[in-house]
Structures are given as structure tokens and as C-alpha cells.
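J.: Okay, here's the prediction I keep looking at, along with the sequence it came from:
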Amino acid sequence: MTATIRIVRAGGGQSEFTVQVGEFTTLLDALEQIRGEQDEGLLYRHSCHHGSCGTCGVIANGKRVLSCVTRVSELAQPVELRPLTPYSVIGDLAIDPAPLYSKFPDDASILRPSEAQPDAIPPAEIPGFTRFENCIECGLCESVCPVLSAGGVTPSRPFMGPAALAAYSREIEKHPERADELLNEIDSPEGVWGCDRALQCSLVCPVEVYPAKQIAVLQRKIEARKAPEQEPRRH
């Protein structure tokens, strides 16, 4: 079968392409086909092809998705693809994710102890396992956040964003000795109190990090540290 892929280019122009797809053809497969056969200058980001690296996020028919695990057959035609907002666009669907990483806590570790599995018995010589964090830093939660996206590239008001705050929550969980230091950094209108609790970040997360839940946990921890009569610093 054929499908029509409409790509919104930098500057507002559009290009339409017809591609051959099957039941399991992903958006990334379609983009690879377009670049290989019709437009070798098409720009987009990708790496792993199986939902682990977080680089291929796009807006497809208004929804934030990873193009490598989203099937074309699941989407209404024509499929309109846009780059993730509110990031700066390098070209076509390729965005600059640098602002996402810049807000993460300093010296945050990317590994954590692996959760015990009933059927996973490590060899005697291995005391335990570590694994990468669940968060794949795809930016989908940042893109769908109404606080960050309301003003386009320049947010409607300063806000660290759900991905960074979820990273703070994980760092405090792994290193409770840093709790005071890290909670002080996010106890502000730009930090946890900048969240409007729209919950869209948790709904769109492809790896179930649930940033909105993590932000709520941080807010409770900050409130617990305060004297009963002291009000939290909300926006």
C-alpha cells in the first residue's frame, strides 16, 4: 500500500511524498525511504531504530511520538510531520536538543541499580547489576508541556521543564545525601512550582518515567522540609 507523508519544512513550507508501506512500516522507515529515493537532503534525527535512544521524536498529526516505533498504518492520511517544539530547528525535522540537557542536575549519574527480577539470578562472582536510567531524554515531555510550548522557542515564563525535574527526583532517590542541595535548586517558580499540573508529560512519555508524578513527589519533599506556617514559593 502507499501512504502520503507531508513534511513541514523550516520556514513554513511543506513537501509531500508518496511511500510504499506495509503493516509494520514505521515513520522512521518511511523517512529513510524518502531520503534514499526522493529527497537526499531531508534532515531528521535518529540512531537506535528501536525506541532506546530518544533522538527521533517528531510531531505526527499533532501527537508527540518516537518515529522509530510509530507505525504509519496507525496514523490518518496524509501523515503530517513537524519538528518538536519548543526546540530550535536545525533543518526540517531535526531539532537542537541542547536546552533539554542543560537543565539536568550537575553530576547526575546515568546508571542505577537494576530492579530485582524473580527469574534473574546473577552469577556468584557478580554482586549485582546496574542499568541505564529509564529516561531516554527524547524531549517529548518538554514538547507537550503547556508552560514550555505556550511561547514557542521562548517559554511563556521560565520553567526548568518536566525532563529535568524528573532527573532531579531520580538523583535524590539514588543519592539522598544530596537531597538538601538539589531540593534547594528547584524550590522556585522556575523549578517545581512552575508546573501547571497538566499531566501531559506523563501521558506522552514512551518509557513510563511519569514526570508529573516525579514533580509532585519533589513538591511534597520540599513542603515537608518547611515550617508548618511557611507557604511554598509558588508561581
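T.: That came through fine.
J.: Report the contact partners of the most centrally placed residue in the chain.
T.: Geometric centre of the chain, nearest residue: residue 139, 2.7 Å, by Cα atoms, centre = their mean. By Cβ atoms under 8 Å, 6 or more residues apart in numbering, residue 139 lies in contact with 54, 57, 84, 87, 95, 97, 100, 163. Yep, even glycine has a C-beta here, placed from its N, CA and C like the rest.
J.: Identify the farthest-apart pair in these.
T.: 95 and 163 (14.0 Å; Cβ to Cβ).
J.: sorry, back to before: tally of neighbours for the closest residue to the residue nearest to the centre of the chain other than its chain neighbours?
T.: Excluding the flanking residues, the one nearest residue 139 by Cβ to Cβ, 6 or more residues apart in numbering is residue 100, at 5.1 Å. Residue 100 sits with 21 neighbouring residues when counted by other Cβ atoms under 10 Å.
J.: re the thing from before, so residue 95 and residue 163 - more neighbours on which side?
T.: Ranked by neighbour count (other Cβ under 10 Å), residue 95 and residue 163 place residue 163 first, with 28 against 25.
J.: Any chance of the backbone angles for residue 70?
T.: With angles defined as degrees, to the nearest 10, residue 70 sits at phi -110, psi 120.
J.: Give me the number of neighbouring residues for the residue lying closest to it once chain neighbours are set aside.
T.: Nearest non-adjacent residue to residue 70, counting by Cβ to Cβ, 6+ apart: residue 27, 5.0 Å away. By the criterion of other Cβ under 10 Å, residue 27 has 27 neighbours.
J.: Any stretches of this structure with poor pLDDT?
T.: Within the chain, the stretches with pLDDT under 70 are 109-133, 150-156, 227-235.
J.: where along it do the strands fall?
T.: Under the criterion DSSP state E, the chain contains strands at 2-8, 14-20, 57-60, 63-66, 79-82, 89-91, 94-95, 111-113, 130-132.
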